[in-house]
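Visitor: after the sequence you'll find the predicted model.
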Amino acid sequence: MLPEDSLSVGEIAARTGVAVSALHYYERLGLVVSHRTGGNQRRYARHMVRRVSLIVVAKNLGIPLSEVEEAFAPLPHSDAPTAGDWHRVAVIWKASLTKRRERLERLERELQGCIGCGCLSMKACYLLNPQDELAAKGPGPQRI
């Protein structure tokens, strides 16, 4: 790789708005890769800007880094991913976002039925959870 084809960690941070420490963390996770110069400085291929930008997008969408790792696993590190490679990532994330949306819609329905009724009595809750059956599943919210 030619020097003009790579960016320093500071340049990647400035281009993406991501802290240098976060870039180092992403590198430890294998989400991005760098190489070292003769002076032991990190250099990133220009196509890593897109990876880091997509990590930021995923973070804003609430996609956990573990899912980003899974989606990025088949992507090449040495060459820029193709449009087909990125399409496969989009398909994976679409499925994840669909599941997340379904969970949120279910939560919304349950909250409207529980908190939204305003009854403040245990009668309705008794109908939904007779003899407190959900207590056997452990602490915390069980239907969410």
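Guide: Here it is on my side, so go on. Residues are numbered from 1 along each chain as shown.

Visitor: helix or strand, whichever it is, which one in the chain has the lowest mean pLDDT?
Guide: Ranked by mean pLDDT, DSSP states H and E, the weakest helix or strand in the chain is helix 122-128, scoring a mean of 57.

Visitor: how far does stretch 38-49 sit from its chain's centre?
Guide: Relative to its chain's centre, stretch 38-49 lies at 24 Å (CA atoms, centre = their mean, to the nearest Å).

Visitor: end-to-end on that stretch?
Guide: For stretch 38-49, the first-to-last residue distance is 22 Å (CA to CA, to the nearest Å).

Visitor: buried set for that stretch?
Guide: For stretch 38-49, the neighbour count (16 or more other CB atoms under 10 Å) marks 42, 43, 44, 45, 47, 48, 49 as buried. Glycine gets a C-beta too; all of them are placed from N, C-alpha and C.

Visitor: ditto for stretch 19-38
Guide: In stretch 19-38, counting by 16+ other CB under 10 Å, buried: 22, 23, 26, 27, 31, 32, 34.

Visitor: surely the second one meets residue 12?
Guide: Yes: Residue 23 is in contact with residue 12 according to CB atoms under 8 Å; the separation is 6.0 Å.

Visitor: common neighbours of these two, please.
Guide: Common neighbours of residue 23 and residue 12 are listed as residue 52 (criterion: CB atoms under 8 Å, 6 or more residues apart in numbering).

Visitor: ok, the residue positioned nearest the centre of the chain - contacts?
Guide: Nearest residue to the geometric centre of the chain (CA atoms, centre = their mean): residue 63, 2.4 Å. Taking CB under 8 Å, 6+ apart, we find residue 63 in contact with 93, 96, 97.
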